[in-house]
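> Predicted structure and sequence below. I'll ask about it afterward.
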Amino acid sequence: MSTGTNNSENKEQDRYKNLKTAEIIAETLLDWGVDTIFGLPGDGING
């Protein structure tokens, strides 16, 4: 019986296993070639 995941999906999950969310986002943006991000500091909830 198959679990629905293959070896490449397991490798992708292992890549991010011990990283924080911010690190995953940064790594993904770098992988995509993003070099500029526009934004404002703060949470913006009560801004």
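Noted; the coordinates are in hand. Fair warning: this is a prediction, and the values are worked out from it, not measured in the lab. Numbers count the residues shown, from 1 in each chain.

> can you give me the helices in the chain?
Using DSSP state H, the helices assigned to the chain run over residues 7-16, 21-31.

> Specify the stretch among these that is closest to residue 38.
When the helices of the chain are ranked by distance to residue 38, counting by Cβ to Cβ, first place goes to helix 21-31 at 12.7 Å. Quick note: C-beta positions are derived from backbone N, CA and C, even for glycine.

> quick one: average pLDDT of that closest one?
On average, the pLDDT along helix 21-31 is 91.

> thinking again about what came up before, determine which of the helices of the chain approaches residue 37 most closely.
Between residue 37 and the helices of the chain, the tightest spacing by Cβ to Cβ is seen for helix 21-31, at 7.3 Å.

> what comes into contact with the closest one?
16, 19, 37 (Cβ atoms under 8 Å, 6 or more residues apart in numbering).

> how far out from the middle of the chain is it?
Chain-centre distance of helix 21-31: 4 Å, with Cα atoms, centre = their mean, to the nearest Å.

> thinking again about what came up before, switch the contacts of helix 21-31 over to CSV, and while doing so, append distance to residue 27 and neighbour count to every line.
Supplementary listing: the contacts of helix 21-31 in CSV, determined by distance: Cβ to Cβ, whole Å; neighbours: other Cβ atoms under 10 Å:
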residue, distance to residue 27, neighbour count
16, 8, 13
19, 7, 12
37, 14, 8
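
> Identify, from these, the entry nearest to residue 6.
When the contacts of helix 21-31 are ranked by distance to residue 6 (Cβ to Cβ), residue 16 comes first, at 16.7 Å.

> ok, so of the contacts of helix 21-31, who is nearest residue 8?
Proximity of these to residue 8 was ranked by Cβ to Cβ; the top entry is residue 16 with 13.7 Å.

> and the closest one, what does it touch?
Going by Cβ under 8 Å, 6+ apart, residue 16 touches 24, 27.

> For it, give its distance to residue 42.
Between residue 16 and residue 42 the distance is 27 Å, computed by Cβ to Cβ, to the nearest Å.
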